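Participant: 3D, please:
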Amino acid sequence: MAPLILGETVLSNGVMLAPMAGVTDPSFRAICYRAGAECTVSEMISAKALCYEQKGRGSAPARTAGLATVRKSDGPMVIQLFGSEPEFMREAALLIESGAYRDNESEAAPIAIDLNMGCPVAKVVSNHEGSALMREPLRAAAIVRAVKEAVHLPVTVKMRAGWDEHSRNAVDFAKRMEEAGADLVTVHGRTRQQFYAPSSDNGIIADVKRAVKIPVVGNGDLFSIDDVRHMIEDTGCDGVMIARGALGNPFLFTELISFFKGIPYQAPTLRERLDTALLHAADLVRRKGERIGIAEARKHMAWYTKGVRGSAEARDTLMHAEHVEDLARVFDALCAMEAEA
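Facilitator: Take a look at the predicted model:
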């Protein structure tokens, strides 16, 4: 892969962690960055909520602002905004770029601002946001134009193949985004109505790549080296964005970087895999407190142990764990079972 250039940032192999609501928080971003992700993306942030929050009382916690915090442990990081009104998207982008918003605790600046035009969730699209914007390309272009004219950071767009099978308009949509000023587009090879099934279509990503001059990042069903290789070969994309393939498997980034560099990859042992899971859980507890941290860690622990011998029987214990030590005991038992096999 040729380097992917995003503003002043050079991503040697174009390997990125996708935004996932409720998943790509600071703990997960740090894990993936250490594993080899060259760029991470925030959970999607409501532009309107960020703007309104700044007008609230100073004593009220700025919860939305916290989602926009960039830490050094994130590595190069993109902030993703969602919304349907150009004026709010513009104002939020200005706040993000300047850092002049209440409760900003960032240690570094973001490298770009991404505009979410691909989220399929009902409560998002019902407000004409996320993938609903693919049915309103003129509004989408106005949003890109408003943000691009307001900030100096690169502006990127994450989109889908279209709204449904009768409106697979990704090519025209991407061209409009490019004309409006977008510096890069990420294309998920499914329509909104498909959500995450059936298979993602590499063909639509290839069509977009041929149609625009800006970089195109491919996204959808990237769970292995072979998946990434096929996407690159099929589409000619300039980078890849890993989403569900990283759940419980941040080591995929290490494997990908090894693949691109042409160096041998040594898969982690079960002990190494579960030690990473424990570090992940401990970091969640450190950042969010034990009750919330462990509650949020449970889903990750299920992903880390998927396919491990004895994990089905251990799942109930993991889902009721209240302390990191509870997780450690389950993992010790799984490693012992593996050693005896």
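Participant: who's in contact with Lys72?
Facilitator: Lys72 sits next to 107-108 when contact means Cβ atoms under 8 Å, 6 or more residues apart in numbering. C-beta: built from backbone N, CA, C; applies to glycine.
Participant: the one 5 residues further on too?
Facilitator: Residues in contact with Met77 (Cβ under 8 Å, 6+ apart) are 29, 39-42, 70, 108, 110-111.
Participant: can you name the residues bridging to it?
Facilitator: Beta-bridge partners recorded for Met77 (DSSP bridges): Thr40.
Participant: and it, what pLDDT?
Facilitator: With respect to pLDDT, Met77 scores 97.
Participant: test my guess that Glu43 contacts Phe28.
Facilitator: No - Glu43 is beyond contact range of Phe28, at 9.6 Å (criterion: Cβ atoms under 8 Å).
Participant: which one of the two is surrounded by more residues?
Facilitator: Ranked by neighbour count (other Cβ atoms under 10 Å), Glu43 and Phe28 place Phe28 first, with 23 against 18.
Participant: where along the stretch 101-250 of the chain do the strands fall?
Facilitator: 112-117, 155-162, 184-191, 216-219, 239-242 (DSSP state E, counting those that start in this stretch).
Participant: show me the helices in the stretch 1-150 of the chain, by range?
Facilitator: In the stretch 1-150 of the chain, the helices defined using DSSP state H, counting those that start in this stretch lie at 26-35, 47-54, 63-67, 86-98, 122-125, 137-150.
Participant: and those helices, which one is worst for confidence?
Facilitator: Per-segment mean pLDDT for the helices of the stretch 1-150 of the chain reaches its minimum on helix 63-67, at a mean of 87.
Participant: C-alpha coordinates for it, CSV please?
Facilitator: What follows is helix 63-67, C-alpha atoms only, in CSV (Å, rounded to 0.1, in the frame of the first residue of the first chain):
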residue,chain,number,x,y,z
ARG,A,63,-20.7,14.8,28.5
THR,A,64,-20.5,15.3,24.8
ALA,A,65,-17.3,17.3,25.0
GLY,A,66,-15.7,14.3,26.7
LEU,A,67,-16.3,12.2,23.6
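Participant: list the buried ones in that helix?
Facilitator: Buried residues in helix 63-67, counted by 16 or more other Cβ atoms under 10 Å: 64-65, 67.
Participant: want to throw those into JSON lines with distance to Gly130?
Facilitator: As requested, these are exported to JSON lines (distance: Cβ to Cβ, whole Å):
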{"residue": "Thr64", "distance to Gly130": "17"}
{"residue": "Ala65", "distance to Gly130": "21"}
{"residue": "Leu67", "distance to Gly130": "16"}
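Participant: and the longest helix belonging to the chain, what does it pack onto?
Facilitator: Scanning the chain for the helix with the most residues, using DSSP state H, yields helix 270-288. Judged by 3 or more Cβ pairs under 8 Å, 6 or more residues apart in numbering; DSSP states H and E, helix 270-288 is in contact with helix 26-35, helix 290-304, helix 324-340.
Participant: mind putting the helices of the stretch 1-150 of the chain into CSV with distance to Asp326?
Facilitator: Listed next are those as CSV, based on distance: least, Cβ to Cβ, whole Å:
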stretch, distance to Asp326
helix 26-35, 18
helix 47-54, 35
helix 63-67, 27
helix 86-98, 38
helix 122-125, 34
helix 137-150, 45
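Participant: circling back: just name the closest of the buried residues of helix 63-67 to Gly7, please.
Facilitator: Nearest to Gly7 among the buried residues of helix 63-67, counting by Cβ to Cβ, is Leu67 at 21.4 Å.
Participant: grab the nearest non-local neighbour of the closest one.
Facilitator: Spatially, and ignoring its direct neighbours in sequence, Leu67 is nearest to Ile45 (4.9 Å; Cβ to Cβ, 6 or more residues apart in numbering).
Participant: now the one you found, which residues is it bridged with?
Facilitator: Leu81.
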